[in-house]
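Asker: Provided below are the primary sequence and the corresponding predicted coordinates.
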Amino acid sequence: MGKFTEDDLKKELETKEYEYGFYTDIESDKFPIGLNEDVVIAISKKKNEPAWMTEWRLDAFRIWKEMTEPEWANVRYEKPSFQDISYYSAPIQKPKLNSLDEVDPELLKTFEKLGISIGEQKRLSNVAMDIVIDSVSVATTFKKTLNERGIIFCPISEAIQEHPELVKKYLGSIVPKTDNFYAALNSAVFSDGSFCYIPKGVTCPMELSTYFRINEGGTGQFERTLLIADEGSYVSYLEGCTAPARDENQLHAAVVELIALDDAEIKYSTVQNWFPGDKEGKGGVYNFVTKRGLCEKNAKISWTQVETGSAITWKYPSCILKGDNSVGEFYSIAVTNNFQQADTGTKMIHLGNNTKSTIISKGISAGHSHNSYRGLVQISPRANNARNFSQCDSLLMGDKCGAHTFPYIEVKNKSAQIEHEATTSKIGEDQLFYCNQRGINTEKAIALIVNGFGKEVLNKLPMEFAVEAQKLLEISLEGSVG
Amino acid sequence: MLKINNLHANINGKEILRGINLEIKAGEVHAIMGPNGSGKSTLASVIAGKEEFEVSEGTVELNGEDLSDFAPEVRAHKGVFLSFQYPIEIPGVTVTNFIKTAINETRKAKGMGELPAKEMLQMIREKADLLEIDRKFLSRSLNEGFSGGEKKRNEIFQMAMLEPQLAILDETDSGLDIDALKVVANGVNKLKSEKNAVLLITHYQRLLDYIVPDFVHVLYNGKIVKSGGKELAYELEEKGYDWLK
């Protein structure tokens, strides 16, 4: 784990507020509110998409119209009114950027506030980054280095133009349009996101990263990520998310599809820090996300997530273990404070022989929040010798929050080995006093205890993210013990 | 160094300490003995500043400064250390990480920078050797799955690292076999100096064979009912507490 920069942390703790809650005054091109076939066509046109793509979207829209919002999750909220949202917002800028110097200076300032100094990053760190603000991708770094190895890392809108064969083949292949209400909506209106292709046998030399930011008010963000790791390749991908503090709820409905072909490995890490709403539970992002990956023979997909933001989180990054000997992993820390609600977990679908999955879920609830783990482990009849290990731990702070666990296990093959462990604990006065007595104040003690609790998951994050995630955990739980 | 004047403390309205007077000077070792429920552990907790106890009367002073208004961590920064009777588990936090945090927080409170990693490591090794602690032990989660003896040894290890002015050892001998007791006592003796003081809280005279007190006090029903030299401990061992009631 990285060095604790105590002073930085102190400064951040002093601010006590959601620090990404600023709004950047960038001129933007925004659609009027409402959703119908014309809007779907208009989005497609705006993106200059080929006819097949427009048709694909319209099909999704028709499917979506027939669907109703799911209600099974353990969350309570006022449903968004889908006709009151603007489905497209883009910062206005020059049509084609050739270098970062051409980026709108206001936009660059935004990046700096977000802690993304693209210029610096270019020289110093080994991360290639795509940045999506509202509905469009605004900057992708390190393109050239990646190109040399045949790696494609670009906005998905660009991939539709330049690599239609890959997009056609894989888009919607893992999360079909009919999958669920939000996935159908996303398929109809997604405006951008990241696309990534790692060719056969190539190990991606750097972390690929996408930074998502909702800026405009009254808009929804519907990004679409498609990541294909061809045979024997390896990639580690990170995503981070922030949004301005607003009174109204903002909708975020993303779809992420991962394809790991034979012997490929994908490591997908998320630090989600959308605006969680204020202390009274006003505002915040509705985060309804569908993430799923497919593993072919001997392939491995590993999801790691640190979820600290959003008013409502509804998210189940899953693995379809289709190929023999494939491996799926899910490591999660979900923090809820104040009035946040999270219903998150994973699905491990074992189809191939000797498939293995591991689930480590750590839920931390404070304030009046509710934190649910929901997971499915499914062993199909033809999956011989499948193995799963699940561990779900909950940590409670105070006596007004809730932790819930909904594990579903469906085993249709006798050779399967399934283990499930669950614990619930509370940060006790005794623990705090013990730390205090050693000179550690309560705020720091909570950070220490929480980081210890989440250690198995934090250890899975790439270095740069682990430090950020640790700090985020501490900030999210600020003021949670009276 | 430590001066307790007419200290009264209660928990949920129930008075436990009923007027304690005690003075400990630098370089001294004091032992507090007494039967169960006499208020020994409460006294330790009140000095350390545990908030569930309410001090209704009296003061606790450290080097002439009244500690009443200070939070437990501030008292720790000022040099008060309590070795817990029942050390608390913190899963996922290693012994090393915990003590590192404690030391750096204390340094920060004193306006000092973090102790450089190299010096920290060296100090950890030195003190671990002093208490015959295996290096592997240092990367285990704090007190999680520790035996009684390991927990106590770890408390004294922390004390050695933090170098407090006043060390209160609450029933440090309980749960220790004789070999462990010797190691712990030896550690405490080596750390003792003219500048610091030790307050031992114990049931039995056994510990006092190894850490020899300058003064022994008997606590009964929230009050110190008798004080004397180390011979008092033997007397108590022989006669029990009944004759003091």
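Answerer: Happy to help now that I have it. Residues are numbered from 1 along each chain as shown, chains lettered A, B, ... in the order given.
Asker: Show me what from chain B comes close to chain A.
Answerer: B:48-52, B:71-73, B:76-77, B:81-82, B:84, B:87-93, B:97-99, B:101-106, B:108-109, B:114, B:141, B:158, B:162 (C-beta under 8 Å from any C-beta of the partner chain). For the C-beta atoms, the positions are set from N, CA and C on the backbone; glycine is no exception.
Asker: What about these, which are in helices?
Answerer: Counting by DSSP state H, the part of these found in helices is B:48, B:72-73, B:76-77, B:97-99, B:101-106, B:108-109, B:158, B:162.
Asker: what does the lowest-mean-pLDDT helix or strand in chain B contact?
Answerer: The weakest-scoring helix or strand in chain B, judged by mean pLDDT, DSSP states H and E, is helix B:231-239 (a mean of 87). Residues from elsewhere that reach helix B:231-239 (C-beta atoms under 8 Å, 6 or more residues apart in numbering or on different chains): B:31, B:33, B:204-205, B:208, B:213, B:216, B:218, B:226, B:228.
Asker: Output those residues in a markdown table; the columns should cover distance to residue A:64, neighbour count and secondary structure.
Answerer: Compiled in a markdown table, the contacts of helix B:231-239 are given as follows (distance: C-beta to C-beta, whole Å; neighbours: other C-beta atoms under 10 Å in any protein chain shown; DSSP: H, G, I helix; E, B strand; the rest coil):
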| residue | distance to residue A:64 | neighbour count | secondary structure |
| --- | --- | --- | --- |
| B:31 | 77 | 24 | strand |
| B:33 | 77 | 26 | strand |
| B:204 | 76 | 14 | coil |
| B:205 | 80 | 19 | coil |
| B:208 | 79 | 23 | helix |
| B:213 | 80 | 22 | coil |
| B:216 | 81 | 25 | strand |
| B:218 | 80 | 22 | strand |
| B:226 | 84 | 17 | strand |
| B:228 | 86 | 13 | strand |
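Asker: from those residues, which single one is nearest residue A:348?
Answerer: Of all these, residue A:348 sits closest to residue B:204, with 55.7 Å by C-beta to C-beta.
Asker: where's that closest one relative to chain A, distance?
Answerer: Distance, residue B:204 to chain A, by C-beta to the nearest C-beta, to the nearest Å: 24 Å.
Asker: Nearest spatial neighbour of that residue, chain-adjacent residues omitted?
Answerer: Spatial nearest neighbour of residue B:204, chain neighbours left out: residue B:173 (6.7 Å); criterion: C-beta to C-beta, 6 or more residues apart in numbering or on different chains.
Asker: same thing with residue A:68?
Answerer: Once flanking residues are discounted, residue A:68 sits nearest to residue A:181: 6.8 Å by C-beta to C-beta, 6+ apart.
Asker: any idea how far the one you found lies from chain B?
Answerer: Taking C-beta to the nearest C-beta, one finds residue A:181 at 38 Å from chain B.
Asker: Phi first, then psi, for that residue.
Answerer: With angles defined as degrees, to the nearest 10, residue A:181 sits at phi -50, psi -50.
Asker: burial count for residue B:128?
Answerer: As a burial measure, residue B:128 scores 20 neighbours (other C-beta atoms under 10 Å in any protein chain shown).
Asker: Residue B:154 is in contact with that one, correct?
Answerer: No. Applying C-beta atoms under 8 Å as the test, residue B:128 and residue B:154 come out as separate, 10.1 Å apart.
Asker: buried residues in the particular helix or strand that has residue B:15 in it?
Answerer: Per DSSP states H and E: residue B:15 is located in strand B:14-24. In terms of neighbour count (16 or more other C-beta atoms under 10 Å in any protein chain shown), strand B:14-24 has its buried residues at B:15-17, B:20, B:22, B:24.
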